[in-house]
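[1] Sequence first, then the predicted structure, then my questions.
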Amino acid sequence: MFNKLIVALMPLAPRFIVKMISKRYIAGEDTASAMVACQQLKQQGFLTTVDILGESVTSNDQAREARDSYLELIMEVAKNNIAKNISLKPTAMGLGLSEDLANEYITTIVQKAHEAGVFIRIDMEDSPYTDQTLDMYDRLRIKYPQLGTVIQAYMHRSLDDVKKIAAITGNLRICKGIYKESPQIAYQDADEVRQNYLKLVREMLVSGAYVGIATHDPFLLDESLKIIDELKITKDKYEFQALLGVPIVKRLEALVSMGHRVRIYVPFGSEWYAYSSRRLKENPDVAGYVLKNLFVQN
Ligand SMILES: Cc1cc2nc3c(=O)[nH]c(=O)nc-3n(C[C@H](O)[C@H](O)[C@H](O)COP(=O)(O)OP(=O)(O)OC[C@H]3O[C@@H](n4cnc5c(N)ncnc54)[C@H](O)[C@@H]3O)c2cc1C
């Protein structure tokens, strides 16, 4: 309720205040800022994945622009001395307009990334796009092994999806899921989501497929470490992932010092205001996190 109130009041907040709050979570407006953030994170021992803010484009021109920005980003990431890893949202490539268009643009990006030795992760968006995203991943990964996608633990279907991808030793990020989905298709209870999360991580690790354990939840971090230990999984088979700005740096540094790979998701771009407002409206819980994090340094 309180979180919904914050979201309702957001349009009244001056832009500079929203910017001040978002600053912590966004590397800046241009590629150069993102590269600086990645260099700094690298010095702290972190890997990175870079994302250009923007999604749900409403015209082919916007989708083409987004594609071109990603093609440029691939070159930047390849020439800077940082982790060669990029994340992208299918609706930024026009998936909401036409599946063929998004397929064409994403294929172009993945081909270019392949040539430059850059890994691409296709983020998972809300449920209308799940099948299309997984089909795209399935089709492209045969030719381009430097490709991964994402599975959301709140979806009832996810264990089946993970089993299929684990069987072909695919590469998955496992996250809880950020969109609001209906009880018909998604767990609503936090504990059920957690339990499913751990099932998915275990399934990936048992199969020997590579998994990105993307969470800031201390319980899931602890339990995932226990599974890794129990199954004696080597450190080249998984990584931990966190969003830029979420105040768990000490915990992440501890993971790095124990020799685990930790990757930070670094979003940047001029779309920060639209992106932040949309995210908050979609899931008011995020507003609560952001407010809480204002008072936490690390
Ligand atoms: C690297 C990465 C990539 C992701 N990619 C996707 C994706 O492709 N598709 C998708 O649906 N979801 C994605 N997510 C979001 C994810 O699904 C969850 O919504 C988010 O991580 C919160 O879940 P949690 O596991 O951290 O646990 P929670 O219990 O929700 O959060 C634990 C704590 O982390 C902090 N926190 C969590 N999220 C935020 C936030 N957004 N802003 C500020 N503080 C926060 C809060 O302090 C909170 O108390 C991604 C998350 C990460 C870390």
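    Now that the structure is in, tell me what you want to look at.
[2] The lengthiest helix in the chain packs against which elements?
    In the chain, taking DSSP state H as the definition, the longest helix is helix 60-79. Applying 3 or more C-beta pairs under 8 Å, 6 or more residues apart in numbering; DSSP states H and E, we find helix 60-79 packed against helix 31-43, strand 47-52, strand 85-88, helix 99-116. Glycine gets a C-beta too; all of them are placed from N, C-alpha and C.
[3] residue contacts, R194?
    Contacts for R194 (C-beta atoms under 8 Å, 6 or more residues apart in numbering) come out as A153, K176, D217, F219, L220.
[4] A helix includes the last one, no?
    Looking back up the chat, that one is L220. Yes: L220: assigned to a helix according to DSSP: H, G, I helix; E, B strand; the rest coil.
[5] contacting residues around it?
    Taking C-beta under 8 Å, 6+ apart, we find L220 in contact with R194, Y197, L198, I213.
[6] Can you report how many residues neighbour the second one?
    Other residues within reach of Y197 by the criterion other C-beta atoms under 10 Å amount to 28.
[7] Wait, it touches I174, no?
    Yes: Y197 lies in contact with I174 (C-beta atoms under 8 Å); the separation is 6.4 Å.
[8] Mutual contacts of these two, please.
    A153.
[9] Going by neighbour count, which of the contacts of R194 are buried?
    Buried by 16 or more other C-beta atoms under 10 Å: A153, K176, L220, out of the contacts of R194.
[10] confidence score at the last one?
    This points to L220. Here the pLDDT value assigned to L220 is 98.
[11] Against V36, how distant is K79?
    Distance, K79 to V36, by C-beta to C-beta, to the nearest Å: 14 Å.
[12] who's more crowded, these two?
    Set K79 next to V36 and count neighbours by other C-beta under 10 Å: V36 wins out with 14 against 10.
[13] Now do the nearest residue to R202 once chain neighbours are set aside against L205, distance only.
    Using C-beta to C-beta, 6 or more residues apart in numbering and skipping the chain neighbours, the partner closest in space to R202 is I227 (5.3 Å). Using C-beta to C-beta, we find I227 at a distance of 6 Å from L205.
[14] Many thanks, I have nothing further to ask.
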